[in-house]
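K.L.:
Structure here, sequence nowhere to be found:
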């Protein structure tokens, strides 16, 4: 299971990030995100980065970028992480990116999922996921939750990161 951390802020730059020596066309972007405390973080956004709701991101958007905190990163400033998930901040839903155990409780113990027939369970390519959600990395979109610990929610959509 991966351990996810996140950075919330405003996109201040998006530029090509060429990862190969001989290529003139880049399918990878370097996105600069500045937090409310003015800290700058760069995220590598590639074809494996899941963008919530397939939204086109642009300079000025307020986003939350999630990365795998268990991976090694170069010791440079500002820090540079490979984005696993990026979500544009919305008033319509909350997003939780985490590994969930067999009881569908997030690894940090903060959220428990109660699935319903109306919950869409999908792969990142928008195809229906037919397997178990236990011990999987999930992107959970939900509208409200209880105030208990862990908070409980019936999500509207669950994306399984394979």
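P.N.:
Nice, thanks for sending it over. Small disclaimer: the values here were computed from a predicted structure and weren't measured.
K.L.:
Wait, residue 35 touches residue 11, no?
P.N.:
No: look at residue 35 against residue 11 with Cβ atoms under 8 Å: they stay out of range, at 11.6 Å. To be clear about C-beta, it is placed using only N, CA and C from the backbone, and glycine gets the same treatment.
K.L.:
Those two: who's more crowded?
P.N.:
A direct count of neighbours by other Cβ atoms under 10 Å for residue 35 and residue 11 places residue 11 higher, at 20 against 12.
K.L.:
On the strand side of things, show who the more buried one bridges to.
P.N.:
residue 33 (DSSP bridges).
K.L.:
gap between it and residue 53?
P.N.:
Distance of residue 11 to residue 53, given as Cβ to Cβ, to the nearest Å: 16 Å.
K.L.:
Please apply the same query to residue 142.
P.N.:
In terms of Cβ to Cβ, residue 142 sits 14 Å off from residue 53.
K.L.:
Looking at those two now, which is surrounded by more residues?
P.N.:
More neighbours surround residue 142 than the other of residue 142 and residue 53, with 20 against 13 (other Cβ under 10 Å).
K.L.:
and the more buried one, what does it touch?
P.N.:
Residues near residue 142 by Cβ atoms under 8 Å, 6 or more residues apart in numbering: 93-94, 96, 153-156.
K.L.:
Go through the residues you listed and name the one nearest residue 134.
P.N.:
Nearest to residue 134 out of the contacts of residue 142 is residue 155 (Cβ to Cβ; 15.2 Å).
K.L.:
Now the closest one: closest residue in space, sequence neighbours ignored.
P.N.:
Distances taken as Cβ to Cβ, 6 or more residues apart in numbering put residue 142 closest to residue 155, at 4.3 Å, once the chain neighbours are dropped.
K.L.:
what about the one you found, distance to residue 153?
P.N.:
Taking Cβ to Cβ as the measure, residue 142 falls 4 Å from residue 153.
K.L.:
What residues are bridge-paired with residue 112?
P.N.:
Here residue 112, judged by DSSP bridges, has bridge partners residue 105, residue 152.
K.L.:
on that earlier part again, ok, of the contacts of residue 142, which come out buried?
P.N.:
For those, a neighbour count by 16 or more other Cβ atoms under 10 Å gives the buried set as 93-94, 96, 153, 155.
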